[in-house]
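1. give me coordinates for this.
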Amino acid sequence: MNKLKILTRPVLQTRIFCSSSSSFTIKNVTKSNLEEALTDLRGHVKGADFVAIDLEMTGVKSAPWRESFDFDRFDIQYLKVKDSADKFAVVQFGVCPFRWDPLKASFIAHPYNFYIFPRQEIAGGPSPEFLCQTSSIDFLARYQFDFNMCIREGISYLSRSQEEEALRHLYSRYKYESPKSVHNLKEPTDTKLARVSDILFSERMKNKVCKWRDSLLQDRGIRSECQPSSNNSSQNCQTTFFKSRPALVLDGFSSHQLHLLKMVTKKITDLEYICVPADTCCSQHLIVYTDSANDRELLRREVVDCLRDEAIMKIKAASGFRRVIDLLCTEQKLIVGHHCFLDIAHVYNKFIGPLPLTAGEYSARVQEYFPYIIDTKVLLNTSNVFQHTVKKSNTSLSKAFSLFCPQIASGVTSSALADNLWVKVEVQVDDQRSSNWNSGAKHEAGYDAFMTGCLFAQACSHLDVKFPLPHQLVELRNNEKLQKYVNHLYLSWKSGEIINLETGKISEESSAPNKHQCRYSKVLFANIVVLWGFPCHLKANDIRECLSKVFGPTCVTSIYNIDESAVFIQFGNEELVHGFLELTETLKKTNSPISILHPLSKILKGGSTQAGNYDVYKEICSSPVSKVLFADQAEAVCIDWKTRLVKATADDSECLGNIEDKEYALSVDQADESADLIYPVEAQSSK
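-> Residues are numbered from 1 along each chain as shown. Model (predicted):
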């Protein structure tokens, strides 16, 4: 097991991976060198042809049933991604601008590895909470992730919506409160001086302050100072000016002594005690002379303005790492990621605002900030150019990188792929540039962003994308051969569904047959029932057998396990869905022998079984509650599980009454149309 690294020396700003013949240097950025890194990054992003990104998170799914299933409609898949982005933290953010150098016929990459950690940066501001998935934390530890650096030196942030809310609250406070009631301008509470030391201190300071005031009125000694107290040489009252008014700086006094000084000043009409921000992180306590009542009121308003401006600066400074995201939004460069739908969702959630409730609204909002995104996983799997290359290979980032970028991955240059279509990439960190390195930093966000960018550069070469010549401006984001891949991201790799961010809908490429499509060739969501809370010993075949006895041997086309407590049941038609839901509700309300002996009683045994249609499943998935088992999740959400039928007939009520009154006996003459739902298929055939 990997142990956490303990920081015993200053944080290194670069991390170097060396071998006997090569080295790769990456820029590590923490809160201590953020300003310097931002200055360099702005220039690199402005000059970039595209920017590759990658994120490392504390987890992917908050419960096993939150993973993507074959029976998940695309809006459900989005809700599961949203849940992941809402609940887990981003701890590392890789940004790697790539610039084409036509003179060297190569890309120049500038990889940055940002450690980020969401702290409470402003008083009264958000103190974020997040989940950690043990498998994800273990994965990071296996690749030597420095948790100590992340927590101690990681860069905090505020999202745009958090900053706007903090500023709105601030403006409201200063708008509606009087100058006296704001912050340190509150009138001090009179305290009875019971201790002799307090009485002596107050009298001594009153004499000194009055002497200083008198010297001002006599227009002499404007530079005079109150001498240090005899019992504390660290205390002094240096004369200065505040907004062109004479003032005494109070240094070296305890909070109790400052309170006594407030009381002393309160009794002198032309003096005002104030506390304002200083150049350092501490506040500055002053006694200011005012020459009139109007001047005193003006002073109070000026202090309020000063405090407000300082609070605004603190809120702005708390944006932290979000300034990197603001830079990417402003420049609107082509953003390149690998299987990056979840990454983009995290970017929006952490640095812009809460994720919208629907995939369509989310897509529209993302387009406002990032109008050009390419998913290299989509590019490799949907382009005919790469089918012969990737059909027998996994398209995970590391494997695709090794396949398409062998020179970088291993230094091998003998493959035909590399010889014919290789695009040269050089790395530059600070003033050092290198074209040789090894790949010892996989699964570190900065290096993964670099790998993603290299993979995209090689893919462009295979697609015969022409890179600009000297003195020629060509933007990759507008390249005709890349347009069919721009803003097309894998929503679910398991189902192969691709979402088009420009429309918010599933792309046409998703309907094309491919090896990633689920094994259920035709999923009809209107025909699906979600069933949970049934006896734990029941398996899918047991449930199918019970349903077949009631609705016929071909009533169920498939049963899919959500987890040990719930299943999807796909019926042959929508009418069977309504019939099953109605029948289960009827049987649960009835304690008669016919309900006890009914074939479905095996499923309903225990009284905890519930069922709902696909809309109920969607409502459960949209809840922020996170329970490990789906049945517990459904119970916690507290939805009214009873299906509301469009049309309730009197026959249904009569049928229910017959069951309660006559128990076993329902003759053919008494049975109506709804009785077909209650009798098993075997009994129906004998009627």
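2. only C-alpha atoms for contact and neighbour calcs from this point on.
-> OK.
3. avg pLDDT for stretch 482-502?
-> Averaged across stretch 482-502, pLDDT comes to 91.
4. that stretch: how far from the chain's middle?
-> Put simply, stretch 482-502 sits 20 Å off its chain's centre (Cα atoms, centre = their mean, to the nearest Å).
5. how far does it stretch from one end to the other?
-> 15 Å (Cα to Cα, to the nearest Å).
6. quick one: residue 308 is in a strand?
-> No: applying DSSP: H, G, I helix; E, B strand; the rest coil, one finds residue 308 to be helix, outside a strand.
7. list the buried ones in the helix or strand harbouring residue 297?
-> Counting by DSSP states H and E, the element that carries residue 297 is helix 293-317. Across helix 293-317, burial judged by 16 or more other Cα atoms under 10 Å covers 296, 299, 300, 303, 304, 307, 308, 311, 312, 315, 316.
8. now the strands for the stretch 151-300 of the chain?
-> 236-242, 245-251, 271-277, 283-289 (DSSP state E, counting those that start in this stretch).
9. report the beta-bridge partners for residue 284.
-> residue 276 (DSSP bridges).
10. how far away is it from residue 209?
-> From residue 284 to residue 209 the distance is 17 Å (Cα to Cα).
11. got a list of what residue 492 touches?
-> 68, 77, 498 (Cα atoms under 8 Å, 6 or more residues apart in numbering).
12. average pLDDT for stretch 561-577?
-> Stretch 561-577 comes out at a mean pLDDT of 95.
13. export that stretch as CSV, just CAs?
-> What follows is stretch 561-577, C-alpha atoms only, in CSV (Å, rounded to 0.1, in the frame of the first residue of the first chain):
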residue,chain,number,x,y,z
ASN,A,561,-30.2,-6.6,-12.6
ILE,A,562,-29.7,-3.1,-11.3
ASP,A,563,-28.2,-4.5,-8.1
GLU,A,564,-29.1,-7.2,-5.6
SER,A,565,-32.2,-5.3,-4.5
ALA,A,566,-33.7,-4.3,-7.9
VAL,A,567,-34.2,-5.3,-11.5
PHE,A,568,-35.4,-3.9,-14.8
ILE,A,569,-38.2,-5.9,-16.4
GLN,A,570,-38.9,-5.3,-20.1
PHE,A,571,-42.4,-6.5,-21.0
GLY,A,572,-43.5,-7.3,-24.5
ASN,A,573,-45.9,-4.3,-24.7
GLU,A,574,-46.9,-1.2,-22.8
GLU,A,575,-50.3,-2.7,-21.8
LEU,A,576,-48.5,-5.4,-19.8
VAL,A,577,-46.7,-2.7,-17.9
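14. which other helices and strands contact the longest strand anywhere in the chain?
-> Across the chain, the strand with the greatest residue count (assigned by DSSP state E) is strand 90-101. Contacts defined by 3 or more Cα pairs under 8 Å, 6 or more residues apart in numbering; DSSP states H and E place strand 90-101 against helix 34-46, strand 50-57, strand 106-109, strand 112-115, helix 445-462.
15. just the angle between the longest one and strand 90-101, please?
-> It stands for helix 445-462. For helix 445-462 against strand 90-101, the angle by axes from the mean of the first three to the mean of the last three Cα atoms, to 10 degrees is 40 degrees.
16. which parts of the stretch 151-300 of the chain are helices?
-> Using DSSP state H, counting those that start in this stretch, the helices of the stretch 151-300 of the chain run over residues 160-176, 196-217, 255-266, 293-317.
17. if we can go back for a sec, buried sites along the helix or strand following the helix holding residue 297?
-> Per DSSP H and E, the first helix or strand lying C-terminal to helix 293-317 is helix 322-331. For helix 322-331, burial by neighbour count (16+ other Cα under 10 Å) applies to 322, 323, 324, 325, 326, 327, 328.
18. what separates the first one from residue 119, distance-wise?
-> To residue 119, residue 322 is 13 Å away according to Cα to Cα.
19. common neighbours of those two, please.
-> residue 157.
20. so how many other residues sit close to residue 204?
-> 12 (other Cα atoms under 10 Å).
21. need the pLDDT of residue 400.
-> 90.
22. any idea how far the residue lying farthest from the centre of the chain is from residue 211?
-> Residue farthest from the centre of the chain, counting by Cα atoms, centre = their mean, is residue 218 at 63.8 Å. Distance of residue 218 to residue 211, given as Cα to Cα: 11 Å.
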